[in-house]
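S.K.: Sequence plus predicted model, see below.
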Amino acid sequence: MELKPGYKQTEVGIIPNEWDVVSIGSLIFDYRGGASLRPSDFTSIGVKVLPKGGVGRTGWLNVEESEQKYCSPEYAAANFRNQVDKDYTIIVLRDLVPSGPSIGLIVQIRDQETYVLAQGVYGFKVNEKAVPGYLVHLSNTSWYRKLANSIMVGSTQVHITNTAYKKALIPLPPFSEQEAIAEALSDMDAFIEALEQLLAKKRQVKQGAMQELLTGKRRFPGFSDDWKVRKLGELCTAIMDGTHFTPKYVNDGIPFYSVENVTADDFKNTKFISLQEHNLLIKRCKPEKGDILMTRIGSLGDTKLIDWDVNASIYVSLALLKVNKQAINEKYLYAYTKSRKFVRDVELRSLVNAIPQKINMGDISGVPILVPSLKEQTAIAEILSDMDAEIAVLEGKLSKARQVKQGMMSELLTGRIRLVESGK
């Protein structure tokens, strides 16, 4: 294949002429390994320990407060060569999972803390040739992942030896271009992180609203009627499950829904059955717009309102709730099925010793539902639907931002797009 002008073929692939191919070891110094902490070395407070779990794809050290461990200041002082701070770049070279996704990943420390490295975690400083942020983003590419996999050894506890890691070759742009790449991708990370935080906040607000609105703790002006407790079976014209026989799947045909589609909220990536088999199955159980799907085997009480024009069949692991719209607003009922109380009531009626988890059809009908008047149901459903719509918009923005970031990485970290002028 003819090379594009300004590019060259190297051991690491096609890169710009101005880029170098260097060993990772030529970029690092003050290499520090993890300490072999025993259970007795951990304390309730003291110096923070940096575990493998804190190294992920965010680019920054991220240890959940509930998972943070500590060792005594005396232990830390006696193991000074195992300590790092924000001047060090962090990497995992050992894990229990073969080809574990954290092995080889690089992150930076964002806070001002000093950490004692746990076993399998290493820290190093980079010299004047490298920008830490560039290495962080490079470590999240599929190319780097293949590199890490190629130098892993072991089976039960896989690892990359220090020697192999330092000998590994990577592409290295000029320093100024590394800075530009790191800044552009870090800005995108900051945007993604802000969206994630906003989305988490919106979800928390919705959970709080559900807890108040669906229990009657908060009432809208103009509503004072007492709520009733009705059984789910009384609010549906029918409750049925899907086919008890595993159908013959085909490469293309009519969608066939199972538990996985509901739990993942993914009704595009489905299995398929033939039109002939589908026509037989819907004689007994035909999903229609306005029905609610509910998981009943393996996963309990997860639901999805069918709000699209559907032409599909379902498996026995799903229950189909055909909502009686004269008795209850289907959007209110769907919102109620997302409450903690509904899921708990489903679990309480499940078979105690069944593996996997299971609830029988008759017991589904007996699940209690708190029911206000139809007008109040509609008001509650509209508020929660508006919140869902707002969350869906944010989810779309977040998904698009992640896709843009992946595209930027693919272009910037291969030199296909340059942030500095060629030859600079």
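M.R.: Arrived safely. Numbers count the residues shown, from 1 in each chain.
S.K.: any chance you could map the helices in this protein?
M.R.: For the chain, the helices defined by DSSP state H occupy 73-78, 132-138, 142-150, 162-167, 175-213, 259-263, 275-281, 330-337, 340-348, 361-365, 374-412.
S.K.: Double-check V84 against V49; I have them as touching.
M.R.: No: contact criterion CB atoms under 8 Å: V84 and V49 do not qualify, at 11.2 Å. To be clear about C-beta, it is placed using only N, CA and C from the backbone, and glycine gets the same treatment.
S.K.: now the stretch 51-200 of the chain, which segments are flagged as low pLDDT?
M.R.: Applying pLDDT under 70 to the stretch 51-200 of the chain picks out residues 56-57, 95-101.
S.K.: so can I have a markdown table of the helices of the chain showing distance to T243 and mean neighbour count?
M.R.: Output for the helices of the chain, formatted as a markdown table (distance: least, CB to CB, whole Å; neighbours: other CB atoms under 10 Å):
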| stretch | distance to T243 | mean neighbour count |
| --- | --- | --- |
| helix 73-78 | 61 | 14 |
| helix 132-138 | 48 | 23 |
| helix 142-150 | 40 | 16 |
| helix 162-167 | 53 | 15 |
| helix 175-213 | 33 | 16 |
| helix 259-263 | 14 | 19 |
| helix 275-281 | 5 | 15 |
| helix 330-337 | 23 | 24 |
| helix 340-348 | 22 | 15 |
| helix 361-365 | 14 | 16 |
| helix 374-412 | 30 | 15 |
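S.K.: closest to V12 out of those helices?
M.R.: Comparing the helices of the chain against V12 with CB to CB, the closest turns out to be helix 142-150 (7.8 Å).
S.K.: Show me what the closest one packs onto, helices and strands only.
M.R.: Applying 3 or more CB pairs under 8 Å, 6 or more residues apart in numbering; DSSP states H and E, one finds that helix 142-150 makes contact with no other helix or strand.
S.K.: quick one: average confidence on stretch 236-256?
M.R.: Here stretch 236-256 scores 96 as its mean pLDDT.
S.K.: same question but for stretch 269-286, I mixed them up
M.R.: 96.
S.K.: Show me what it is in contact with.
M.R.: With contact meaning CB atoms under 8 Å, 6 or more residues apart in numbering, stretch 269-286 is reached by 240-243, 247-258, 261, 311-314, 320.
S.K.: And that stretch, end to end?
M.R.: 20 Å (CA to CA, to the nearest Å).
S.K.: next one: stretch 296-305
M.R.: From its first residue to its last, stretch 296-305 covers 15 Å (CA to CA).
S.K.: Report the buried residues of that stretch.
M.R.: Neighbour counts using 16 or more other CB atoms under 10 Å place 296-297, 299-305 of stretch 296-305 among the buried residues.
S.K.: ditto for stretch 22-40
M.R.: For stretch 22-40, a neighbour-count test (16+ other CB under 10 Å) marks 22, 24, 26-28, 31-35, 37 as buried.
S.K.: give the contact list for E212.
M.R.: The neighbours of E212, taking CB under 8 Å, 6+ apart as the test, are R218.
S.K.: Distance of it relative to I297?
M.R.: 32 Å (CB to CB, to the nearest Å).
S.K.: same check, this time on L318
M.R.: 8 Å.
S.K.: what residues do these two have in common as contacts?
M.R.: V259.
S.K.: hang on, the earlier thing: give the residues shared as contacts by V84 and V49.
M.R.: With CB under 8 Å, 6+ apart as the test, V84 and V49 both reach 115, 117.
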